[in-house]
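1. Below is the structure, and that's it, no one-letter string:
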């Protein structure tokens, strides 16, 4: 008798992973479509204002679809994905912290990770990030791409990550200056300015 492993033994991906990746793919597709509307290239072969959104959105869309395909068609056993590895490292860190403080954090029902967040807070953080990203995409035609990205970054740092106000403002301002100097001044990329035409 020969022992054969049935093909149906391949584990199915978690629904939450598939839904989250599909939402990310939809966000990438939305950015790609909006970028095409702005125009990828202008006359004379110059880069148009929609080049960066198309490039970024296309990359996010392709990466998300590839991840979904990997979830369903990969022959690897569960526990080898990046999310599983991250969870394993997190559990090991929690155990190490518990040993350091002479207690097991998992026994008190808190389930606090290395950043001091519970499982519920981690799940809501993902929803918050996607919500902020959606608002930033909707605000781009109004206030422009750079201001939308900086507003998104500041909101995530303050609301999701709960960092102090002053370091968050400094980091956001530094990122804004860097993006403006690199893309607008150095590369000459005409980023979308929105209806207000501020930057």
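-> Yep, it's here. What you are looking at is a predicted structure, and each value in this text was computed from that prediction instead of being measured. Numbering: from 1, shown residues only.

2. Next up, the contacts around residue 194.
-> Under the criterion of CB atoms under 8 Å, 6 or more residues apart in numbering, the contact partners of residue 194 comprise 139-145, 147-148. The way it works is simple: take the backbone N, C-alpha and C, and place the C-beta from them, glycine included.

3. 7 Å instead?
-> Shown in contact with residue 194 (CB atoms under 7 Å, 6 or more residues apart in numbering): 140-144.

4. I'd like these as CSV, with distance to residue 131, neighbour count and secondary structure appended.
-> Putting these into CSV (distance: CB to CB, whole Å; neighbours: other CB atoms under 10 Å; DSSP: H, G, I helix; E, B strand; the rest coil) gives the following:
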residue, distance to residue 131, neighbour count, secondary structure
140, 15, 24, helix
141, 18, 17, helix
142, 17, 12, helix
143, 18, 20, helix
144, 20, 21, coil
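
5. per-residue confidence for the residue lying closest to residue 195 once chain neighbours are set aside?
-> If you skip the residues right next to it in sequence, residue 195 has residue 142 as its closest partner in space, 5.5 Å away by CB to CB, 6 or more residues apart in numbering. On the pLDDT scale, residue 142 is placed at 90.
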